[in-house]
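Chemist: What shape does this take:
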Amino acid sequence: MRMVTDPRALLPTHRSDVERARALCALGYPAIAPVLREMLEWIRDCNWHVSGPIADCLASVGEPVVPLVWEVMRGTDGTWKFWCIHKIIARLPKELAEQFRPELTRLMTHPTPDDRCEELDEAARAALERLGDAAA
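Modeler: Model (predicted):
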């Protein structure tokens, strides 16, 4: 690929567009800041080929991705929440992941039927164990 400085030009165009995903991630932060939200969309389903490199990239960004992950966690898409917990929250530095502790605890201890169906209680338990929660 030719040298591109606009991160929007490197957003994947389909779920197998790994070349573009890797090129986008290679720009690094803060160059990818304008497209963090669009990148997060690509981890709605981590069976998509682009999701791996994009999840790795987003987890490495740290603090700037936290508000976007909160938007997902407050939403209704259980599958997306599951992947955010596994692929981002569980891989953030512990001091950033701690912000999610109350929601992870709620998912683990009082999951809704939908949360349980999406296995969010188990994903939350695994993330809390990583944070060192002996009660998990």
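Chemist: Tell me how far the residue nearest to K87 when sequence neighbours are not counted lies from G132.
Modeler: Once flanking residues are discounted, K87 sits nearest to A55: 3.8 Å by CB to CB, 6 or more residues apart in numbering. Where you see a C-beta, it was placed from the backbone N, CA and C, and this is true even at glycine. In this view, A55 and G132 are 23 Å apart by CB to CB, to the nearest Å.
Chemist: For the two, work out which one has more neighbours and name it.
Modeler: When A55 and G132 are compared for neighbours, A55 comes out ahead with 22 against 9, by other CB atoms under 10 Å.
Chemist: for the more buried one, what are its contacts?
Modeler: Contacts for A55 (CB atoms under 8 Å, 6 or more residues apart in numbering) come out as I43, C46, W83, K87, I88.
Chemist: Farthest-apart pair in the residues you listed, please.
Modeler: C46 and I88 (10.7 Å; CB to CB).
Chemist: Which of the contacts of A55 fall in strands?
Modeler: Within the contacts of A55, no residue falls in strands by DSSP state E.
Chemist: Turn the residues you listed into TSV, including distance to D6, neighbour count and pLDDT.
Modeler: As requested, these are arranged in TSV below (distance: CB to CB, whole Å; neighbours: other CB atoms under 10 Å; pLDDT from 0 to 100):
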residue	distance to D6	neighbour count	pLDDT
I43	22	24	97
C46	26	19	94
W83	27	23	98
K87	26	19	97
I88	24	26	97
